[in-house]
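Chemist: Next comes the sequence, and after it the predicted model I'd like to discuss.
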Amino acid sequence: MAYQVIIPAAGQGKRMGAGRNKVLLELNQTPVFIHTLKVFEMDEDCEGIYLAINPLEQDEMEALLKEHHITKVMAFAPGGSERQHSIYNALKCVKQEGIVLVHDAARPFIDKKLLRPLVEAAKEDGAAILAVPVKDTVKKVAGNMVTETVERTSLWAVQTPQAFRFAILLDAYKQAEADDFLGTDDASLVERIGKNVIIVEGRYDNIKLTTPEDLYFAEAIIHKRRK
Ligand code: CTP
Ligand code: MG
């Protein structure tokens, strides 16, 4: 089942503290965003990759795409001040039909086998996201005082990719812009226009590289997969 994928890569990686965009850091001699793009390059259902980038990094990224034989990038969209703006810019470039995935460049360990069930679920129900059950006990806190222990059985930690019928995602983004709403993921924009979002169970190793210790986890995942 064919799909297109938007990959936001235009962040600054402030929490990583590497002094540069974390998606350009190398894991196993290959930049993080190249690891991510390779999954889609190698998935025959993927019809095109739309990359949101910092224009100042375009030359460097284009050279790396060439070096690593990534051929499916159809367009570079300029990144915005927030992830949501970067994705909206890229959404304006995609072919206006079918299923569109959004996947963070900073999440390089997506299992290709999960793409098909995710795309199928989006085709069926309009919107589907990868998520895993929360393992920790989660509490609400005010200041340093616990105010509530949240019932864990209904909590899921959400990942990308997230998959949508094109028309639903575009509606959601238009409405968010009109309302000046900023969400922390794409599905939240879809939820607020009253559409259902389906969970597809993902894997705990689909980590997002966010803070420096995530690089240790990443090395461990790469090491394990090589065996
Ligand atoms: N992203 C983007 N445009 C932005 C912000 C983020 O395209 N204005 C991308 C990042 O490159 C990353 C993904 O969105 O692939 C997830 O964002 P996040 O993990 O928050 O990355 P950064 O924003 O780069 O990191 P930080 O928030 O620590 O600065
Ligand atoms: Mg960010």
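Modeler: Nice, I can see it. Ligands and ions are numbered 1, 2, ... in the order given.

Chemist: and the end-to-end length of stretch 37-53?
Modeler: End-to-end distance for stretch 37-53, by CA to CA, to the nearest Å: 13 Å.

Chemist: Flag every buried residue along that stretch.
Modeler: For stretch 37-53, burial by neighbour count (16 or more other CB atoms under 10 Å) applies to 37-41, 43, 46-53. Every C-beta, even on glycine, is put in place using the N, C-alpha and C of the backbone.

Chemist: is that stretch anywhere near ligand 1?
Modeler: Yes: using CB under 6 Å from any ligand atom, stretch 37-53 reaches ligand 1 at A52.

Chemist: related to what we said a few turns ago, and of the buried residues of stretch 37-53, the nearest to ligand 1?
Modeler: A52 (4.6 Å; CB to the nearest ligand atom).

Chemist: Beta-bridge partners for the closest one, please?
Modeler: A52 has these beta-bridge partners by DSSP bridges: P8, A77.

Chemist: got the contact list for stretch 27-36?
Modeler: 7, 9, 22-26, 61, 64-65, 68, 70, 103-110, 209, 215, 218-219, 222 (CB atoms under 8 Å, 6 or more residues apart in numbering).

Chemist: Now intersect those with the strands, please.
Modeler: When DSSP state E is applied, the contacts of stretch 27-36 are split such that 7, 26 fall in strands.

Chemist: Generate a ChimeraX selection restricted to the buried subset of the contacts of stretch 27-36.
Modeler: In ChimeraX syntax, the buried subset of the contacts of stretch 27-36 is picked out as below (16+ other CB under 10 Å):
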select :7,9,22,23,24,25,61,64,65,68,70,103,104,105,106,107,108,109,110,209,215,218
